[in-house]
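> predicted model follows, preceded by the sequence.
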Amino acid sequence: MQMRGKRLGAFGTGILAPLIGCLAVVSLASAQESHPCAAMGQPAQRLACYDKAFPPAVPLQEAVRERAQKDFGRQYAGPALELGQSKDVVDPDWIEGSIVKLEYANGKRVFTLDNGHVWTTVDAGSMGRAVQGDRVRVRKGALGSYVLQTPAGVGLRVRRAR
């Protein structure tokens, strides 16, 4: 009799584990169908909805914000909306920094900012006073261009060098 109990126990355990797994999958599927985000057809919208409902950890959100600031002005395919971040976090319209180094090369000015960005004026002889230590803003311009705004409000067309 003990032998039968052991066999039955092993048999019962063998069936019980997959049965519990199936129940978990069924409950997860029904939970997903009942969530409003599940009805969204576009994957990016659905992900943003789920990330809004279940926000990612703060360190992850900060990492995305820092990467967006670091990559501002670089030529690449475009921002990848991730972690439910809004477009302004993943692809900001402007960044700010202080000029730590100002050089002249081929009639153009080269600005090195405290955030590591290096920007070069597009037009030789661009006017607008800017000196080392000035706090400047680089913003998006028309048609994929960028404008460095001096403390006096003068806009200089620039491109990201590094």
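Ah, there it is.
> and the nearest residue to residue 130 once chain neighbours are set aside, how far is that from residue 135?
In space, and not counting its chain neighbours, residue 130 is closest to residue 150: 4.7 Å by CB to CB, 6 or more residues apart in numbering. Just so you know, the C-beta spots here come from the backbone N, C-alpha and C atoms, and that holds for glycine as well. With distances taken as CB to CB, to the nearest Å, residue 150 is found 10 Å from residue 135.
> same check, this time on residue 121
In terms of CB to CB, residue 121 sits 18 Å off from residue 135.
> do the same with residue 156
Taking CB to CB, one finds residue 156 at 15 Å from residue 135.
> neighbour-wise, which of those two wins?
Comparing residue 156 with residue 135 by other CB atoms under 10 Å, the one with more neighbours is residue 156, at 23 against 12.
> quick one: strands adjacent to the helix or strand hosting that one?
Residue 156 is part of strand 155-160 when elements are defined by DSSP states H and E. Strand 155-160 sits in its sheet next to strand 118-121 (antiparallel), strand 146-149 (antiparallel), going by DSSP bridges.
> what's the last one in contact with?
What it means is strand 146-149. With CB atoms under 8 Å, 6 or more residues apart in numbering as the test, strand 146-149 has contacts from 73, 111, 119, 121, 130, 136-141, 155-160.
> what mean pLDDT does that strand get?
Here strand 146-149 scores 90 as its mean pLDDT.
> same thing with the first one?
Across strand 118-121, pLDDT averages out at 89.
> in it, what's buried?
119, 120, 121 (16 or more other CB atoms under 10 Å).
> what sits up against that strand?
Residues from elsewhere that reach strand 118-121 (CB under 8 Å, 6+ apart): 73, 105, 108-113, 138, 146, 148, 156-162.
> quick one: secondary structure of the residue lying closest to residue 113 once chain neighbours are set aside?
Counting by CB to CB, 6+ apart, residue 113 lies nearest to residue 97, which is 3.3 Å off, once chain neighbours are set aside. Put simply, residue 97 is strand when judged by DSSP: H, G, I helix; E, B strand; the rest coil.
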